[in-house]
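A.B. asks: mind folding the following:
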Amino acid sequence: MNVETIVVGPLATNCYVLSCPGSGEAVVIDPGGDEDRIASYIDGAGVCPVLVVLTHGHSDHFAAAAGIARRYGVPVAMHGDDRDTLARSAADAPMWG
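C.D. replies: Okay, the predicted model is just below:
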């Protein structure tokens with residue numbers, strides 16, 4: 001398992017790309033901003049995302065999730081108990097930049 005940490009967004013959140021050296025499949029965890037920088041790493045490493053995972057619903061952890069999911073045609077997963085946090089964070093995101 002390879003783990004790459006990419007510090008992203010205005011709050012310097014850790015985004016992780018976990019990838020399997022054998023299959024090249026990858027999971028992107030907490031893409032909290034800087035979609036192009038995350039994608040640049042993914043493309044440069046030659047890995048293939050299969051899933052975006054959010055550890056929780058704060059905007060500094062999901063800001064680039066939709067973009068990464070669309071770019072690579074993969075789903076986004078987050079525990080359902082955090083839906084309210086996600087909804088509140090999306091509304092509050094502009095104040096965090």
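
A.B. asks: what distance do you get for the residue nearest to the spatial centre of the chain to residue 40?
C.D. replies: The chain has residue 31 as the residue nearest its centroid, 2.3 Å off, counting by C-alpha atoms, centre = their mean. Residue 31 sits 13 Å away from residue 40 when distances are taken as C-beta to C-beta, to the nearest Å. Just so you know, the C-beta spots here come from the backbone N, C-alpha and C atoms, and that holds for glycine as well.

A.B. asks: swap in residue 29?
C.D. replies: 17 Å.

A.B. asks: between these two, which has more neighbouring residues?
C.D. replies: Set residue 29 next to residue 40 and count neighbours by other C-beta atoms under 10 Å: residue 29 wins out with 19 against 12.

A.B. asks: hey, what's the more buried one bridged with?
C.D. replies: According to DSSP bridges, the partner residues bridging residue 29 are residue 16, residue 53.

A.B. asks: pretty sure it contacts residue 15?
C.D. replies: Yes - with contact defined as C-beta atoms under 8 Å, residue 29 counts as touching residue 15 (6.7 Å).

A.B. asks: I figured residue 26 hits residue 47, correct?
C.D. replies: Yes - with contacts defined as C-beta under 8 Å, residue 26 counts as touching residue 47 at a distance of 4.0 Å.

A.B. asks: mind listing the shared neighbours of those two?
C.D. replies: Shared between the contact lists of residue 26 and residue 47 (criterion: C-beta atoms under 8 Å, 6 or more residues apart in numbering) are residues 17, 19.

A.B. asks: what about the helices in this protein?
C.D. replies: Using DSSP state H, the helices assigned to the chain run over residues 35-45, 59-62, 65-72, 83-92.

A.B. asks: buried deepest among the ones you listed, which one?
C.D. replies: With neighbours taken as mean count of other C-beta atoms under 10 Å, the helices of the chain reach their highest mean count in helix 59-62, at a mean of 24.
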